[in-house]
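Chemist: The sequence and its predicted three-dimensional model are supplied below.
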Amino acid sequence: MPEKMGRGRKNMPSWQEFNRLEAAQRNYIRLGDTGRTDKGVFANQDIPKFTRIICEVPTIDLRKKYLSTANVKVAFESLPANRKAAVMDLHFDFSDSGIATPLSLIFDQNAMDTDRGRILCTTVARINHSCLPNAMGNMNWLTHCYTVQVLHDIVEGEEITINYIDVELPKEQRDARLKAIWNFECRCLLCDQHFSARFLQSSNMLRAWLQQFRDTISRFDPGPPPITEEQARQQSLNESQHNSDIHQFIQTAEHEGLPGSLAFACWKAAESALRLNNRDLASKWASETQDILMKTIGIDTAEFNQVILWKIHNQLPSKQPIYFPQLESEREAQERMRLFQPRRGTFRELQ
Ligand SMILES: C[S@@+](CC[C@H](N)C(=O)[O-])C[C@H]1O[C@@H](n2cnc3c(N)ncnc32)[C@H](O)[C@@H]1O
């Protein structure tokens, strides 16, 4: 680690602390009643889109190999009294509980799966699920914080929602997953028939299509470098078809307001453009991916750095600033913090 960086320097909070302070000071959210029997998180003020409203270090962080009811208890017992109280204050449902203890029920009904195991964040755990979420959650292992950024302009009093499951799925599959993993029936705006049946039907169709095409796009294999002219011609035809799939996917993902899918497709478009040797286009799509990631999950994330590394590796020009938390000086890091300020625009501003 470079000497300049680190927690030791006076008056210079680390990234993790800085983020937490930023979010806490602005006091964006409050706990409120949902109108059902449970609680939810609501906006305390108007919040511009892409603002990071929560930056929270998990209270319990259990890696996959340590996941067990006994270890949840061990982790809980090691917490200070105020953290224990925050955990025990969380929502849980006794029905079908069998012999489960309140602590294990609380953990089951509030902890989130990550690529490394399960985490429990006592503030984030108050946010309800929606199939049309207005915010996006992300566990960021670089800063060890779970962050939440809003995807739209939010008005004071609006409920903040994230997605607990993959919301690209059509309703039937979403319902089955929510029931199996979370054991509740979704009553979000989309599922509550708040929108017209026609809206729901078309959204269902589009999401089923997205699901199918995500597979097709992910599985695309450009094959080895062609030897004959015929092979080259065939490969270029395949690449064009792949490109047209990606472009349709982008339009649909944008229509449905699914930034994760959008970032995935822009990234695939960048890779495809590079295979076609169109470096300007590859750079444009990679910048667009970066832009979406920056707005929805932030620049201090592994995903964001991955795109930059890809650009550097392929020697593509980068209009956006390069950010490596482990290499940056604090002055540079502070400069970059300004990027967290709300920005105008839609997910995709390039066209
Ligand atoms: C992680 S907690 C969310 C916060 C919780 N509502 C509270 O009062 O603290 C998850 C629980 O909230 C409720 N919930 C979350 N999203 C919901 C939704 N879309 N429809 C119905 N219930 C939901 C379910 O009871 C679920 O088990």
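Modeler: Perfect, I can see it now.

Chemist: Any regions of this protein where pLDDT drops low?
Modeler: Low-confidence segments of the chain, defined by pLDDT under 70: 1-26, 96-99, 193-196, 318-351.

Chemist: Residues of it that sit close to the ligand?
Modeler: The chain has residues 38-40, 90-91, 93, 109-110, 125-126, 128-130, 182, 184, 186-188 near the ligand, with proximity defined as Cβ under 6 Å from any ligand atom. Heads up, the C-betas are built off the backbone N, CA and C, glycines and all.

Chemist: So which of these sit within strands?
Modeler: Counting by DSSP state E, the members of the residues of the chain next to the ligand that fall within strands are 39-40, 128-129.

Chemist: Just the buried ones from the residues of the chain next to the ligand?
Modeler: Buried subset of those (neighbour count, 16 or more other Cβ atoms under 10 Å): 40, 90, 110, 125-126, 128-130, 184, 186-188.

Chemist: ok, these vs Pro259, which is closest?
Modeler: Among these, Ser130 lies closest to Pro259 (Cβ to Cβ), at 14.1 Å.

Chemist: If we ignore the residues flanking it in sequence, what's nearest that closest one?
Modeler: When the adjacent residues along the chain are set aside, Ser130 lies closest to Thr161, with 3.4 Å between them (Cβ to Cβ, 6 or more residues apart in numbering).

Chemist: Quick check: the one you found is in a strand.
Modeler: Yes - membership of Thr161 in a strand is supported by DSSP: H, G, I helix; E, B strand; the rest coil.

Chemist: pretty sure it is in contact with Met136, am I right?
Modeler: No - proximity of Thr161 to Met136 does not meet the contact threshold set by Cβ atoms under 8 Å, at 10.1 Å.

Chemist: Show me what counts as buried in the strand or helix carrying Ala253.
Modeler: With elements delineated by DSSP states H and E, Ala253 resides in helix 229-256, which encompasses its position. By neighbour count, and taking 16+ other Cβ under 10 Å as the criterion, the buried residues in helix 229-256 are 235, 239, 242-243, 245-246, 249-250, 252-254, 256.

Chemist: And for stretch 37-53?
Modeler: For stretch 37-53, a neighbour-count test (16+ other Cβ under 10 Å) marks 40-43, 47, 49-53 as buried.

Chemist: what does stretch 300-316 give?
Modeler: So stretch 300-316, judged by 16+ other Cβ under 10 Å, has buried residues 300-301, 303-305, 307-308, 310-311, 316.

Chemist: Reformat those residues into CSV and put secondary structure next to each item.
Modeler: Output for these, formatted as CSV (three-state DSSP):
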residue, secondary structure
Asp300, coil
Thr301, coil
Glu303, helix
Phe304, helix
Asn305, helix
Val307, helix
Ile308, helix
Trp310, helix
Lys311, helix
Leu316, coil
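
Chemist: In these, find the pair that's most separated.
Modeler: When these are compared pair by pair using Cβ to Cβ, the farthest-apart members prove to be Asp300 and Leu316, with a separation of 21.8 Å.
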